[in-house]
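> Give me a 3D structure for the following:
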Amino acid sequence: MSLCEIEFGNMSTFTKQMDVNGMGVVLVTKTFLPLLRHNHFGRARIVNIASLAGRFTMPGFVAYCMSKAIVIAFTDGLRRELAKWNIEVVSIEPHLYRTNLVNQQRLIAEFEQQWNQSEESIRKDYGRSYHEGFVRTMTQAMDSARSEIEQVVRTMERAVTTTQVEYSYTVARYSERIRIWFWQTIAPICVIDFFMRKFLTDCNGQPKMLKEKMINPRNVVDYHKSK
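I've put the predicted structure just below:
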């Protein structure tokens, strides 16, 4: 998992996660599909590990959310294509759990590397204090990750062994499920965007360029033209 704003770092933040989380799932599945189609021991079943992040995109998590959205879309399409072969396809979608992927020291080192890889003009526009605020916000989010990883393992076991399989399994607290459901089905996008912007401004502060020029973000293009 690599976390950063889209302008920070370079394209490797995206390509690595697409290759591993997205295309890696496609490659492994295509490799074993002939074996599964020729299975003579009853119904075959494919279980893919996705994430709730694939259904709701958070600022700073964009690359990761994109890679998990690939898995969800691939799983849905694969299930429909393989129905004629009686092959079941399932996704497991956990909330945030504490694994080595969310190790704080690793994340902080990666944030610093992404900042250093950013173009000088981008670092100048955002400012070091904004980046430090972003790092604090992301590390605090990772600190909220749940440690009960066995819940995911039990769900994986159930998805593999049950005779009445579900299309997808959400692994999260009831309150987390309600929140995701509300964001996905009821809350207007404009409301979600408003609260996201307010939350991030409160946590990260504003980029240096906006604070210095006291301009509306919609006028950023005009500001650059005037430089």
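> Locate the residue nearest in space to the middle of the chain within the secondary structure: which element?
With the centre of the chain defined as its mean C-alpha position, the nearest residue by CA atoms, centre = their mean is residue 65, 2.5 Å away. Element membership of residue 65, judged by DSSP states H and E, is helix 62-82.
> helices or strands up against that helix?
Helix 62-82 makes packing contacts with helix 12-17, helix 24-37, strand 44-49, strand 87-94 when contacts are defined by 3 or more CB pairs under 8 Å, 6 or more residues apart in numbering; DSSP states H and E. From N, CA and C alone the C-beta is placed, and that goes for glycine too.
> List the buried residues in the longest one.
When burial is assessed from 16 or more other CB atoms under 10 Å, helix 24-37 yields the following buried residues: 25, 29, 33.
> I would like the residues contacting it, please.
For helix 24-37, the surrounding residues in contact (CB atoms under 8 Å, 6 or more residues apart in numbering) are 44, 46, 48, 70-71, 74, 78, 82, 85, 87.
> so how far is the helix or strand harbouring residue 193 from its chain's centroid?
Following DSSP H and E, the helix or strand that holds residue 193 is helix 189-204. Helix 189-204 sits 18 Å away from the centroid of its parent chain (CA atoms, centre = their mean, to the nearest Å).
> now what about that helix, what contacts it?
Contacts made with helix 189-204 from outside it, assessed by CB under 8 Å, 6+ apart, are listed as 58-59, 130, 133-134, 136-137, 183.
> hmm, back to that, what about the helices and strands packed on helix 62-82, which gets the closest to residue 109?
Taking CB to CB as the criterion, helix 12-17 is the member of the helices and strands packed on helix 62-82 that comes nearest to residue 109, at 13.9 Å.
> hmm, who's touching the closest one?
Everything outside helix 12-17 that qualifies as a contact, by CB under 8 Å, 6+ apart, is 1-2, 4, 63-64, 66-67, 114.
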